[in-house]
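Visitor: heads up, no residue letters with this:
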């Protein structure tokens, strides 16, 4: 995003596209299906893991857009999303009473979790069994989960990935993303 575009948004009060995308990710991760049908624990960790799953799917879509070119605008948008995620997580930690000295340690763990899950979900794309395995390790953290719940999450992740793949990059770059229509 250019400096001029950032200043224009600041003066106009319009949200930045990265904020719109991140808000769409949060809304998608908060949908009750993850917790009711997918068996994701309705806890701080469960909500974090659902958010990271949806965010990872979007970041993988942007990675595909770059075709390996680190100067592609999609690479910057992905980096901006990671920054927005960390800003959100830092605010949540502070709201939960985590002190200044402990925040960096927690932030490092969260960034490592995002990076690890990006790799796991990248490897699981297009292979339901591999994705189910990645979900058991990362989303469910090894807990016993009914096969129907895992199947629901695998199918939902595939649906979201397909929807992202069908979304034109120009729309993503503008912050236009709706997982539900």
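Guide: Right, received. Where do you want to start? It should be emphasised that the depicted structure is a prediction, and the values quoted were computed from it without experimental measurement. Numbering: from 1, shown residues only.

Visitor: model confidence over stretch 61-76, on average?
Guide: For stretch 61-76, mean pLDDT rounds to 95.

Visitor: roughly how far apart are residue 27 and residue 136?
Guide: 25 Å (Cβ to Cβ, to the nearest Å). In short, each C-beta sits where N, CA and C put it, glycine included.

Visitor: can you classify residue 69 by secondary structure?
Guide: Following DSSP: H, G, I helix; E, B strand; the rest coil, residue 69 is assigned to coil.

Visitor: and it, how many neighbours does it have?
Guide: Per other Cβ atoms under 10 Å, the neighbour tally for residue 69 reads 10.

Visitor: looking at the chain, which helix or strand is least sure?
Guide: helix 3-12 (a mean of 60; mean pLDDT, DSSP states H and E).

Visitor: dump the residue contacts of residue 43.
Guide: By Cβ atoms under 8 Å, 6 or more residues apart in numbering, no residues touch residue 43.

Visitor: distance check, the nearest residue to residue 42 once chain neighbours are set aside against residue 150.
Guide: Excluding its sequence neighbours, the residue lying closest to residue 42 (Cβ to Cβ, 6 or more residues apart in numbering) is residue 35, at 4.6 Å. From residue 35 across to residue 150, the span is 14 Å (Cβ to Cβ).

Visitor: list the contacts for the residue nearest the centre of the chain?
Guide: Geometric centre of the chain, nearest residue: residue 55, 0.9 Å, by Cα atoms, centre = their mean. Residue 55 is in contact with 22, 25, 29, 81, 85, 114, counting by Cβ under 8 Å, 6+ apart.
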